[in-house]
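> Dropping the sequence and predicted coords here.
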Amino acid sequence: KNQNETKMNSASLLLLALIACCCSCYCLAATASNRFVNFDLHKFTPEQRKQLQQRTTGQFFAQQQQKQSTPINIPSLGNIFPYGIYWVQIQVGTPPRNFNVAIDTGSGDLLIAGAGCNGCIQNITKYDPKASSTNTVLSCSTNLAHCGSCSNSHCSFSNSYETCVLNDPSKTCTVSGPVFQDLCTLGGLSTRCVFGSITFQTKDFQQFHEIDGVMGLANPDAIGAPSIFSSLVNDGKLANVFSLCFDFQGGVLTIGGYDKKYINGSIAYTDLEGYYSTSFDSVMVDGRSASTFLKHRVILDSGTNTLLLPGDILSKVKVYFRDICSHTKLHGICDVSPGKGLFDRVCFPMSSSQIAAFPMVEVKLDQKVSLKVPPRNYLVPVNNTYCMGIDESTEFGLLIIGDVVMKGFYMIMDRGNNRVGWAPLAKGSC
């Protein structure tokens, strides 16, 4: 095969989905050759770890006003690839201990690694209920959570994820363990929260190679308890709004509102329902519309790193890309054999001029908002190549806006008014 192309693992555009909430987290992965092999995620350098500690300690948040009316900006780490997630640091217990958790608008549970966890990564903090003076053990009869099972009269949970192993997309991974209530701190604000302590995790859970936890920001999920953010809102400590700003490396989670310094222009709002979905109209490619007669809602999932489209819509998008070949050469689209292009999960080296030749993609929402996604966002850099960040959705046909779209906007989740705001980002803002 052509030495200038890299064949991606069949699980490379990886769907990490909480089955309990039927939402997805898609992760790109690639291999260094045309063989189906695993790609090892890189680790942070000591200097990057030092920066994380400096940006997420109590001293950092002490510098911010923590009044109910003042939004709080929380730095995040992560990227679209190789991690496929963005995360922040929270504190749990007394004395408080730091935990890195993925920012997930597609689920509602808080899960962190627990002491003695079988399968969790080793070089991270693990929750030990015996070491926290504010811990509460929840019995199976508790009204604070839905107990998926009962172990030694202790409320327990079990959550499953799809395609969590890059070289085996059919494999399902599971995390399970006891449920606790303890003091939780997000952005310097504390509240009592209910969470799952992971004591069993499927081995080789590759999305959790750097961190081992997730912070759901949606409605109550499998455990059935409010998120940390919802608890802070219920306590009267925050307005019922949070915002997300993602960059190629890291970003910002704003709680209690939004920060104008991240915005360059006006905010356009669309409706917001249920598990953070909004009305979908169409996808535009080179001025041509790809839609369906079925009425769709699109899920807004920060735990998904790609734009996922149902098969019928994606088929039209592929045709529109190929039609551009009549007047513009698109590398990886026009100069490849059938089955060996970008939409077949093959990645290609590209120059800046080759990237610029690709069309603008627009996602139209609620008959009034158009989210423009430039090629530098939907062509994702992977190991000195570029991969397509638009892919087919799950068998359920869900339409999901992930990080390749969110990255171009400051997304404002105004839950109190059932709307989501989309604001163009100020240059270099997050």
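That came through fine. Residues are numbered from 1 along each chain as shown.
> which helix is the longest one in this protein?
Ranked by number of residues, the top helix in the chain under DSSP state H is helix 311-323.
> Relative to the helix or strand just after that helix, what are the paired strands and their orientations?
Proceeding N to C from helix 311-323, the next assigned helix or strand is strand 346-347, under DSSP states H and E. Its sheet considered, strand 346-347 pairs with strand 6-7 (antiparallel) by DSSP bridges.
> Quick check: mean pLDDT of the strand it pairs with?
Taken as a whole, strand 6-7 carries a mean pLDDT of 40.
> Let me know how buried residue 326 is, in neighbour terms.
Other residues lying near residue 326 total 7 when counted by other Cβ atoms under 10 Å. Just so you know, the C-beta spots here come from the backbone N, C-alpha and C atoms, and that holds for glycine as well.
> Now do the same contact list for residue 377.
Listed by Cβ atoms under 8 Å, 6 or more residues apart in numbering, the contact set of residue 377 reads 389, 404, 405, 407, 408.
> Just among these, which is most surrounded?
In terms of neighbours by other Cβ under 10 Å, the contacts of residue 377 top out with residue 389 at 28 neighbours.
> Just to check, that one is in contact with residue 381?
No - with contact defined as Cβ atoms under 8 Å, residue 389 does not count as touching residue 381 (10.2 Å).
> so where's the stretch 1-150 of the chain uncertain?
In the predicted model, the stretch 1-150 of the chain carries pLDDT under 70 at residues 1-69.
> Helices along that one, start to end?
46-56, 58-62 (DSSP state H, counting those that start in this stretch).
> do the same with the stretch 251-400 of the chain
With helices called from DSSP H, counting those that start in this stretch, the stretch 251-400 of the chain shows them at 311-323, 352-356, 375-378.
> List the backbone torsions phi and psi for residue 203.
Dihedral angles of residue 203 (phi, psi; degrees, to the nearest 10) stand at phi -70, psi 150.
> Greatest separation within the contacts of residue 377: which pair is it?
Between any two of the contacts of residue 377, the greatest separation by Cβ to Cβ is 11.9 Å, found for 389 and 408.
> coming back round to it: adding mean pLDDT and distance to residue 281, write the helices of the stretch 251-400 of the chain out as TSV.
TSV is the format used below for the helices of the stretch 251-400 of the chain (pLDDT from 0 to 100; distance: least, Cβ to Cβ, whole Å):
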stretch	mean pLDDT	distance to residue 281
helix 311-323	95	11
helix 352-356	97	27
helix 375-378	96	18
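> want to throw those helices into TSV with distance to residue 201?
Shown next, in TSV, are these (distance: least, Cβ to Cβ, whole Å):
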stretch	distance to residue 201
helix 311-323	32
helix 352-356	38
helix 375-378	32
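> Most tightly packed of those?
For the helices of the stretch 251-400 of the chain, the largest average neighbour count (mean count of other Cβ atoms under 10 Å) is found in helix 375-378, namely a mean of 19.
> so how far is it from its chain's centroid?
17 Å (Cα atoms, centre = their mean, to the nearest Å).
> ok, back up a step: from the contacts of residue 377, which ones fall inside helices?
Checked against DSSP H, those include these in helices: 404, 405.
> Can you tell me which of the contacts of residue 377 is closest to residue 371?
residue 405 (5.8 Å).
> Test my guess that the closest one contacts residue 372.
No - between residue 405 and residue 372 there is no contact under Cβ under 8 Å: 9.5 Å.
> and the gap between residue 239 and residue 257?
5 Å (Cβ to Cβ, to the nearest Å).
> err, residue 218, not the other one
19 Å.
> Between those two, which has more neighbouring residues?
Shown here are residue 218 and residue 257; by other Cβ under 10 Å, residue 218 has more neighbours (27 against 19).
> and the nearest residue to that one once chain neighbours are set aside, how far is that from residue 223?
Among residues not flanking residue 218 along the chain, residue 108 sits closest, at 4.4 Å (Cβ to Cβ, 6 or more residues apart in numbering). Between residue 108 and residue 223 the computed distance is 8 Å (Cβ to Cβ).
> Run through the bridge partners of the nearest residue to residue 349 once chain neighbours are set aside.
The shortest distance from residue 349 to any non-neighbouring residue, by Cβ to Cβ, 6+ apart, is to residue 385 (5.3 Å). Taking DSSP bridges as the rule, residue 385 bridges to residue 382.
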